[in-house]
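In: Any chance you can model this:
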Amino acid sequence: MSPLRSVLYVPGSRPGMLAKVATLDADAVIVDLEDAVAPAAKDRAREEVRRAAEAGTLRGGPALMLRVNPSATPWHAADVDLAARLAPDAVVLPKAEAPAVVARLAERFAGHDSATALMIETPNGVGRAAELAACHPRIAALVYGSADYRVALGARPDGTRAWERHALEAILLAARRAGAAAIDAVQFRFRDMEGLERDARVARDLGYDGKSCIHPGQVAVVNRVFSSDPDEIAWAQRVLAAWRDGDGDAHGVVVAGGEMIE
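Out: Numbers count the residues shown, from 1 in each chain. Reported below is the predicted structural model:
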């Protein structure tokens, strides 16, 4: 998949929102059959997603991802069948904890040319992040889920995200070792743009590729944070110019702004 700066959740039970998927500015959309859909609406949500797919409103815009319900739930099998028919860019598995289960499902999804993304949102998931990321070659992304994880730990949030740094780092390292993208958790205070930017910059500075969004209004901020800023672009251009002007290919090293460039 292309770079994933912003990944926006869209409830599968909301046909009005499904109709707008192709027009959204996010890099990817997760059409959600899990937490965003009440138990009584699960079957209806699956049908709404099927109808939207047949109407063509899910394609032609952001990368399409489908989050199914966990394997222990009564909705999982039907969700997986829908994923096979829909063939999204990636299928998102929530609460990933068991590498053998993930590998079996990822192999099935690969059969219809879909990658797999894993929600890492439990202590077992964080503890086994490296195993999970490496259990199948089509694992394309690890998506951190902070809400369930914080509840499981009994942690108290703070502005620096200190309580979850260990998880952020474990997930990032696992993703990098497996060649997968690392996507940060959502900011639930969806009108708090300052808080969103602060949280996003913590993840961006650690090395994350992008962040999940729960409201379209968050996308612009997230895209900006996870894009190169003008200073970074200017620095890269100076380095390239110094390498070219100093014949770096021949000498193997040049100096740019007092910094050794090899």
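In: show me where pLDDT drops low in this protein?
Out: 1, 247-248, 250-251 (pLDDT under 70).
In: show me where it has strands.
Out: Using DSSP state E, the strands assigned to the chain run over residues 6-11, 28-32, 63-67, 90-93, 115-120, 139-144, 181-184, 210-213, 254-256, 259-261.
In: just so I know, which of those strands lies nearest residue 156?
Out: Closest to residue 156 of the strands of the chain is strand 139-144 (Cβ to Cβ; 18.0 Å). C-beta coordinates here come from the backbone N, C-alpha and C atoms, glycine included.
In: sorry, back to before: turn the strands of the chain into JSON lines, columns for mean neighbour count and distance to residue 156.
Out: Formatted as JSON lines, these follow (neighbours: other Cβ atoms under 10 Å; distance: least, Cβ to Cβ, whole Å):
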{"stretch": "strand 6-11", "mean neighbour count": "25", "distance to residue 156": "25"}
{"stretch": "strand 28-32", "mean neighbour count": "27", "distance to residue 156": "27"}
{"stretch": "strand 63-67", "mean neighbour count": "25", "distance to residue 156": "28"}
{"stretch": "strand 90-93", "mean neighbour count": "27", "distance to residue 156": "28"}
{"stretch": "strand 115-120", "mean neighbour count": "28", "distance to residue 156": "21"}
{"stretch": "strand 139-144", "mean neighbour count": "27", "distance to residue 156": "18"}
{"stretch": "strand 181-184", "mean neighbour count": "27", "distance to residue 156": "19"}
{"stretch": "strand 210-213", "mean neighbour count": "26", "distance to residue 156": "21"}
{"stretch": "strand 254-256", "mean neighbour count": "15", "distance to residue 156": "45"}
{"stretch": "strand 259-261", "mean neighbour count": "12", "distance to residue 156": "41"}
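In: could I get those as a markdown table with distance to residue 229?
Out: A markdown table is the format used below for the strands of the chain (distance: least, Cβ to Cβ, whole Å):
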| stretch | distance to residue 229 |
| --- | --- |
| strand 6-11 | 16 |
| strand 28-32 | 22 |
| strand 63-67 | 24 |
| strand 90-93 | 28 |
| strand 115-120 | 27 |
| strand 139-144 | 23 |
| strand 181-184 | 18 |
| strand 210-213 | 16 |
| strand 254-256 | 18 |
| strand 259-261 | 19 |
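In: among those, which is nearest residue 203?
Out: Across these, closest to residue 203 is strand 181-184 (Cβ to Cβ), at 3.8 Å.
In: distance between that closest one and the chain's centre?
Out: 5 Å (Cα atoms, centre = their mean, to the nearest Å).
In: What of stretch 162-171?
Out: In terms of Cα atoms, centre = their mean, the centre of stretch 162-171 is found 16 Å from the chain centre.
In: Over to stretch 129-138?
Out: Relative to the mean C-alpha coordinate of its chain, stretch 129-138 is positioned 15 Å out (Cα atoms, centre = their mean).
In: Buried ones in it, by neighbour count?
Out: Across stretch 129-138, burial judged by 16 or more other Cβ atoms under 10 Å covers 129, 130, 131, 132, 133, 134, 135, 136, 138.
In: thought residue 82 was touching residue 51?
Out: No. If you go by Cβ atoms under 8 Å, residue 82 and residue 51 don't touch, sitting 11.3 Å apart.
In: Neighbour count for those two, which is higher?
Out: Taking neighbours as other Cβ atoms under 10 Å, residue 82 and residue 51 compare with residue 82 leading, 22 against 13.
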